[in-house]
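Novice: Sharing a model that was predicted from the sequence below.
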Amino acid sequence: MLIAIWNMLQTGTVYNDPGKDYYSKRDPDRAKKRALHQLQNLGYTVTLEPIPEAV
């Protein structure tokens, strides 16, 4: 956080929040793998099926 503040003071810019789903959009496969792992740790068996595309 200190580095972010220092950079903002040096450049004169304000903090631009990338959003709550930034990491999910950046690396969707990693987000999917993490979600599956979390559910398995809770004792669930997960089967993934793609959503059929609307015609």
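Specialist: All right, it came through fine.
Novice: Would you state the helices of this protein in chain order?
Specialist: Secondary structure of the chain by DSSP state H: the helices cover 2-11, 22-26, 28-41.
Novice: Could you dump those into TSV and include mean pLDDT?
Specialist: Below are the helices of the chain laid out as TSV (pLDDT from 0 to 100):
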stretch	mean pLDDT
helix 2-11	90
helix 22-26	92
helix 28-41	95
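Novice: per-residue confidence at residue 55?
Specialist: Looking at residue 55, its pLDDT is 66.
Novice: got the helices of the chain as CSV, with mean neighbour count and distance to residue 50 columns?
Specialist: Quick note: C-beta positions are derived from backbone N, CA and C, even for glycine. Shown next, in CSV, are the helices of the chain (neighbours: other C-beta atoms under 10 Å; distance: least, C-beta to C-beta, whole Å):
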stretch, mean neighbour count, distance to residue 50
helix 2-11, 9, 39
helix 22-26, 11, 17
helix 28-41, 11, 12
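Novice: now those helices in JSON lines, with distance to residue 47?
Specialist: Below are the helices of the chain laid out as JSON lines (distance: least, C-beta to C-beta, whole Å):
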{"stretch": "helix 2-11", "distance to residue 47": "41"}
{"stretch": "helix 22-26", "distance to residue 47": "21"}
{"stretch": "helix 28-41", "distance to residue 47": "10"}
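Novice: Tell me which of those helices sits nearest to residue 53.
Specialist: Taking C-beta to C-beta, helix 28-41 is the member of the helices of the chain nearest to residue 53, at 17.4 Å.
Novice: which other helices and strands contact that closest one?
Specialist: Packing partners of helix 28-41 (3 or more C-beta pairs under 8 Å, 6 or more residues apart in numbering; DSSP states H and E): helix 22-26.
Novice: which residues sit against the helix it packs on?
Specialist: The contact list for helix 22-26, computed with C-beta atoms under 8 Å, 6 or more residues apart in numbering, reads 30, 31.
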